[in-house]
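# The sequence isn't on hand, but the structure is:
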């Protein structure tokens, strides 16, 4: 029992050190909506991105993607350019600030992401990406295609603090 406890504590400490060594970024995305954004580097070529916020300024949305990073030849020695692409999932509620003739609806589906980022030599990252959320929506008993998913989380400018 004592050996199991010590082994568990050692594993937890080692995993927390590994998490602390991974690069992370926190900030926001602004486009047709406003979102909180968090990125966590898994290794030099992968990251996980989680975005949560106002979908089209009248609903809420959460999306997570696993992104692959590709380094662009750096001509600026002070910073680094990357482009990235990934896939994940998302869900949300729409029309929360609704006109009288519309209903709230739930949506869920597959999220994709493609974009480019610039990491400055100080802890700031700027990015421009497109993250559509394609899937189904439900308003009451009616099921349909999430037509807003192509632009609600779509083209956005991201500003993040690197740590």
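All right, it came through fine. Computed from a predicted model, the values in this text were never measured in an experiment.
# Not counting its neighbours along the chain, what's nearest residue 162?
residue 123 (4.2 Å; CB to CB, 6 or more residues apart in numbering). For glycine as for every other residue, the C-beta is placed from the backbone atoms N, C-alpha and C.
# And for residue 59?
Per CB to CB, 6+ apart, closest to residue 59 is residue 94, 3.8 Å.
# Kindly report the same for residue 91.
Distance criterion CB to CB, 6+ apart; nearest residue to residue 91, sequence neighbours excluded, is residue 108 at 4.0 Å.
# what's the burial count for that neighbour?
For residue 108, the count of nearby residues is 16 (other CB atoms under 10 Å).
# What is the strand or helix carrying it packed up against?
Assigned by DSSP states H and E, residue 108 belongs to strand 105-119. Here strand 105-119 touches strand 60-72, strand 80-94, strand 124-130, strand 133-139, strand 155-162, going by 3 or more CB pairs under 8 Å, 6 or more residues apart in numbering; DSSP states H and E.
# what stretches of the chain score poorly on pLDDT?
For the chain, the stretches with pLDDT under 70 are 1-22, 73-76, 98-101.
# Which positions in the strand holding residue 108 come out as buried?
By 16 or more other CB atoms under 10 Å, the buried positions in strand 105-119 come out as 105, 107-109, 111-113, 115, 117-119.
# and which of these is nearest to residue 127?
residue 117 (3.8 Å; CB to CB).
# State the number of residues packed around the closest residue to the closest one other than its chain neighbours.
Leaving aside its chain neighbours, residue 117 sits nearest to residue 127 (3.8 Å; criterion: CB to CB, 6+ apart). Residue 127 has 23 neighbouring residues, counting by other CB under 10 Å.
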